[in-house]
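[1] next one to model:
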Amino acid sequence: METTRQRIADTLREGPATASDLGEALSLPTPVVYDHVEHVSRSVDGEAELLVAPPECRDCGFDGFDDPINEPSRCPECKSERIEEPAFVIR
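    Coordinates of the predicted model:
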């Protein structure tokens, strides 16, 4: 039987997904998925790596967030709360 982190890693090897996508597919709350993805990023084998498309403000396009693995609550540039989730993939 696979662990939750193994299931997340397997899903990310199939293609890109956001934390919401993973949560829906694996019946997990989105904040829990972010915790698991952070651990998965440290445990990916040497031939693969976790790639992250960083979160992006939908209003001004800012994408220089400090922690690309987490979803920020609002944009530091324009203060908008319309932030697109980061997407993850293992390649």
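
[2] G15 contacts R91, doesn't it?
    No. In terms of CB atoms under 8 Å, G15 does not count as a neighbour of R91; the distance is 10.0 Å. Any C-beta I mention is one placed from the backbone N, CA and C, and that applies to glycine too.

[3] helices of this protein, residue ranges please.
    Assigned by DSSP state H, the helices in the chain fall at 4-14, 19-26, 30-43.

[4] okay, now the unreliable bits of the protein?
    Within the chain, not a single segment meets pLDDT under 70.

[5] E56 is nearest to which of the helices of the chain?
    Closest approach to E56 among the helices of the chain is made by helix 19-26 (14.5 Å; CB to CB).

[6] quick one: contacts of that closest one?
    Among residues not part of helix 19-26, those counted as contacts by CB atoms under 8 Å, 6 or more residues apart in numbering are 4, 7-8, 11-12, 17, 28-30, 32-34, 37, 71, 85-86, 88.

[7] let's see that with 7 Å instead.
    T4, R7, I8, T11, P29, T30, V33, Y34, V37, E71, E85 (CB atoms under 7 Å, 6 or more residues apart in numbering).

[8] could I get the helices of the chain as a markdown table with distance to S80?
    Below are the helices of the chain laid out as a markdown table (distance: least, CB to CB, whole Å):
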| stretch | distance to S80 |
| --- | --- |
| helix 4-14 | 28 |
| helix 19-26 | 19 |
| helix 30-43 | 20 |
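
[9] dump those helices to a markdown table, plus distance to A53 and mean neighbour count.
    Written out in a markdown table, the entries for the helices of the chain read as follows (distance: least, CB to CB, whole Å; neighbours: other CB atoms under 10 Å):
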| stretch | distance to A53 | mean neighbour count |
| --- | --- | --- |
| helix 4-14 | 12 | 16 |
| helix 19-26 | 12 | 17 |
| helix 30-43 | 13 | 16 |
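
[10] noted, bye for now.
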